[in-house]
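Engineer: Quick one: sequence plus predicted model below, questions after.
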Amino acid sequence: QVQLVESGGGLVQAGGSLRLSCAASGRTFSNTAMGWFRQAPGKEREFVAAINWSGGSTYYADSAKGRFTISKDNAKNTVYLQMNSLKPEDTAVYYCAAKTGSVYYTGDFRSWGQGTQVTVSS
């Protein structure tokens, strides 16, 4: 089991930036993939981005491409989501998740953080 703790959410104006962090601990392996998901009020949770344990492979949802960057600090076992050019429609609770498997498949994430609220005002 992997324990995940997110931080970095908050309130930002449209066009602004935020960086989310996710600290991982517990049973991690070289084939552990880390991901970010989000859930807006009244909507289903959706995939945002994923990265493999080494940080060498990444995968993004179309809505995140060009604006969001996922990265990993291997020394700190921490994954980041840098979000730029934020829009009101990015408002959601953002969750960090982990699984064993490919970053290119957005399912099968088994471990989840508690979530962090991101609010983008217009």
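Structural biologist: Structure's in. What do you need?

Engineer: In space, not sequence, find me the middle residue of the protein.
Structural biologist: Centroid-nearest residue in the chain, with CA atoms, centre = their mean: residue 36, separated by 2.3 Å.

Engineer: host element of that residue?
Structural biologist: For residue 36, the element it lies in under DSSP states H and E is strand 32-39.

Engineer: what about residue 22, which SS state?
Structural biologist: The three-state assignment at residue 22 reads strand, by DSSP: H, G, I helix; E, B strand; the rest coil.

Engineer: got the contact list for it?
Structural biologist: The contact partners of residue 22, taken as CB atoms under 8 Å, 6 or more residues apart in numbering, are 4-7, 34, 36, 78-81, 96, 113. To be clear about C-beta, it is placed using only N, CA and C from the backbone, and glycine gets the same treatment.

Engineer: Just the buried residues of those residues.
Structural biologist: 4, 6, 34, 36, 78-81, 96, 113 (16 or more other CB atoms under 10 Å).

Engineer: now, which of those residues sits nearest residue 121?
Structural biologist: residue 81 (19.4 Å; CB to CB).
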